[in-house]
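S.K.: Provided below for reference: sequence and predicted model.
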Amino acid sequence: MTLYPKIRNIKKDNVALKIMIIISLLVSLLVFIINIITSKEHFWSLIVIMGILYAWITVMYSVYRNVNIGSSITVQFIAISILTLCIDFILGYRGWAINIAIPIIIITANVTMLILTIVVLQRYYKYAINQLIIFILSMIPLLILFLSKQIITNKILVIISSSIALFTFIISLILCGKNIIQELDRRLHM
Amino acid sequence: MEKSNNWRRLDNSAKIFPIASSKKYSSVFRLSAVLKEKINPNILRKAVKMVLENLPSFKVKLKKGVFWYYFEDNNKEIIIEEEKNYPCKYIDPNTNNDYLFKVTYFENKINLDIFHSLTDGNSGIIFLKEIVYTYIELAHKNEFSKELRIKRKFSNNTEDDYLKNYDKKSKNNRDGKKAYILKGKKLPLAAIGVIHVNINLEQLKSKAKEKNVTITQYLTSILFYAIYEANYRKYNGKKPIKICIPVDLKKYFKSETINNFFSYITVQLDFENNNFNSFNRILEYVKKDFETKLTKDEISKTMSANVKLGNNIFIKSIPLFLKLIIVKLSYMEIRRYTTTTFSNIGRIGIIGEYQKYIDKFLMLIAPESVEKIKCSACSFEKNLVFTFTSTLQNTDIEKRFCNILKMQGIEINVEGNGVHDFIS
């Protein structure tokens, strides 16, 4: 009688993953070099690099982590917001990211979370922490609006998005307040 | 509305494992039961499911909090698979339905790989024994109709007994000297070599008695001697050889917890500054070191120092993502205070009617990049199995260990997972 099986086909580290990382790095380097050669004023290659980085965040988060839909919404909410901000800065800041894109992202994320809350009310505790994170981050443009009048030029959209976030959060509190408190208790224990 | 899942904090020892663990440092130990019959996977699946209903503290998943990880109830199906990989490998929750233990089988053997956060070897063996009892009952229904009705009693207490028993005022007894690290070429492809030394327990007992030492002291001395002769001398070692011996705290403190409740002592021999010219001299020194360190007072000091560290308000308030970075960067350095670990969980007692179905039990601990060899032992009936798990290509230490045993007149036979046969 043998105690152990013969180990066959031991996977080395994921080769496909390594190849993809190398390809991504090479493409990034290549576009950057082309950018430097063709133009020294517009760093358009950074947009490509940001896009590749965003794609990697999405792929790694979806494939390598056993995450729930609430976490995916949170990650996408943060990643797309950062991406739009970066693109805006790369293209010579015009403020469209903070004034238009991010409020739209906030509205989309909060409405999605509201739908999720209503649909999966019985399993809401799974998404409570994501709801809380999205709500807190959604209030940042409003905070900026109060602190500096120059950064936010499109007040209406920011106020609408923040109001929707607040409304969504209040609805969630009414429906699942106990769950949110329980979730905070377990997540914040020291 | 559906009640949210129950959760519980990790015990003081358990906190470090998920922070420090990775594919290279799995923090997994394996307990195996070798039966006298081929394992039926369907019966095994049923048995594990039944046991989990009685031992819900194992039915958990690990979740990230802002400051610490925590356990939450896991309602997913348990996965039972045929053994396909090396033992004690990193348990990836994503491919294991979030469970922190893995049950596999191979021919007559049931394996239970446990992530150390979940529990220690002594409570792990309770879990394995329950699986084995239930498996035998289900596989031999006619013979166990009576036993099936008897509920075996075991604790489901998940209290953190470290917090209950530590001494706030005790002083740190930590030794600041680094240890000799085993040298040698590593096995390729992250392989783990396993060598089981089956030792005649009667002969071992009488030899230990003759030398007036315990079995653990005796085996530790042989291990010291083997490391010295087969590795330390060859590579001209300078630092002391230090062997970490885990200690079951339930022997010293009243506890019924199913969580981790262990501490350790570090036995060390400084070959550079002392003349250990014979095995008997080593034995004498090891016995003395055990007697000095294996007292409730000393063990309490080690345990309390660790609890105080985990309870330190500054450490507590560091966000988890920062803890992960800090511990991962420093853990390799922390590990350099031990040459190897030797864990002896002792005799595994089995209810009479079930004994005839069981051949032996095995215990294995995951080796890692610093402690390249780890040792463990457990005994059942007339046999003690001393196990080496190694990431080193050469087996000089293992061979020397066996030779010393033979020279002492103790009968042994050796089995393994074939990794070293392939290399040599």
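M.R.: Noted; the coordinates are in hand.

S.K.: where does chain A have low pLDDT?
M.R.: For chain A, the stretches with pLDDT under 70 are A:9-13, A:64-67, A:122.

S.K.: residue boundaries of the helices in it?
M.R.: A:15-38, A:45-64, A:69-90, A:96, A:102-119, A:128-138, A:140-147, A:155-187 (DSSP state H).

S.K.: elements contacting the third one?
M.R.: Okay, so that is helix A:69-90. Counting contacts by 3 or more C-beta pairs under 8 Å, 6 or more residues apart in numbering or on different chains; DSSP states H and E, helix A:69-90 packs against helix A:45-64, helix A:102-119, helix A:128-138. Where C-beta positions appear, they are placed from N, C-alpha and C, glycine not excepted.

S.K.: just send the ones you listed back as CSV, with mean neighbour count and distance to chain B too.
M.R.: Listed next are the helices and strands packed on helix A:69-90 as CSV, based on neighbours: other C-beta atoms under 10 Å in any protein chain shown; distance: least, C-beta to the nearest C-beta, whole Å:
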stretch, mean neighbour count, distance to chain B
helix A:45-64, 15, 7
helix A:102-119, 20, 12
helix A:128-138, 21, 8
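
S.K.: tabulate those helices (a markdown table), appending distance to B:T339.
M.R.: A markdown table is the format used below for the helices and strands packed on helix A:69-90 (distance: least, C-beta to C-beta, whole Å):
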| stretch | distance to B:T339 |
| --- | --- |
| helix A:45-64 | 35 |
| helix A:102-119 | 53 |
| helix A:128-138 | 43 |
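
S.K.: A:T38 is nearest to which of those?
M.R.: Evaluated over the helices and strands packed on helix A:69-90, closeness to A:T38 peaks at helix A:45-64, with 9.5 Å, by C-beta to C-beta.

S.K.: export the closest one as PDB, just CAs?
M.R.: C-alpha atoms of helix A:45-64 as PDB (Å, rounded to 0.1, in the frame of the first residue of the first chain):
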ATOM      1  CA  SER A  45       0.100  57.200 -23.800                       C
ATOM      2  CA  LEU A  46      -0.800  57.700 -20.100                       C
ATOM      3  CA  ILE A  47      -4.500  57.200 -21.000                       C
ATOM      4  CA  VAL A  48      -3.600  53.800 -22.600                       C
ATOM      5  CA  ILE A  49      -1.500  52.900 -19.500                       C
ATOM      6  CA  MET A  50      -4.400  53.900 -17.200                       C
ATOM      7  CA  GLY A  51      -6.800  51.800 -19.300                       C
ATOM      8  CA  ILE A  52      -4.500  48.700 -19.100                       C
ATOM      9  CA  LEU A  53      -4.200  49.200 -15.300                       C
ATOM     10  CA  TYR A  54      -8.000  49.500 -15.000                       C
ATOM     11  CA  ALA A  55      -8.400  46.400 -17.000                       C
ATOM     12  CA  TRP A  56      -6.000  44.500 -14.700                       C
ATOM     13  CA  ILE A  57      -7.800  45.700 -11.600                       C
ATOM     14  CA  THR A  58     -11.100  44.500 -13.000                       C
ATOM     15  CA  VAL A  59      -9.700  41.100 -14.200                       C
ATOM     16  CA  MET A  60      -7.800  40.400 -11.000                       C
ATOM     17  CA  TYR A  61     -10.700  41.400  -8.800                       C
ATOM     18  CA  SER A  62     -13.200  39.300 -10.700                       C
ATOM     19  CA  VAL A  63     -11.100  36.200 -11.400                       C
ATOM     20  CA  TYR A  64      -8.900  35.900  -8.400                       C
END
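
S.K.: the residue of the stretch 151-300 of chain B found nearest chain A: neighbouring residues, count only.
M.R.: For the stretch 151-300 of chain B, the residue closest to chain A is B:L189, as judged by C-beta to the nearest C-beta, at 4.9 Å. If you count neighbours by other C-beta atoms under 10 Å in any protein chain shown, B:L189 ends up with 11.

S.K.: many thanks, have a good one.
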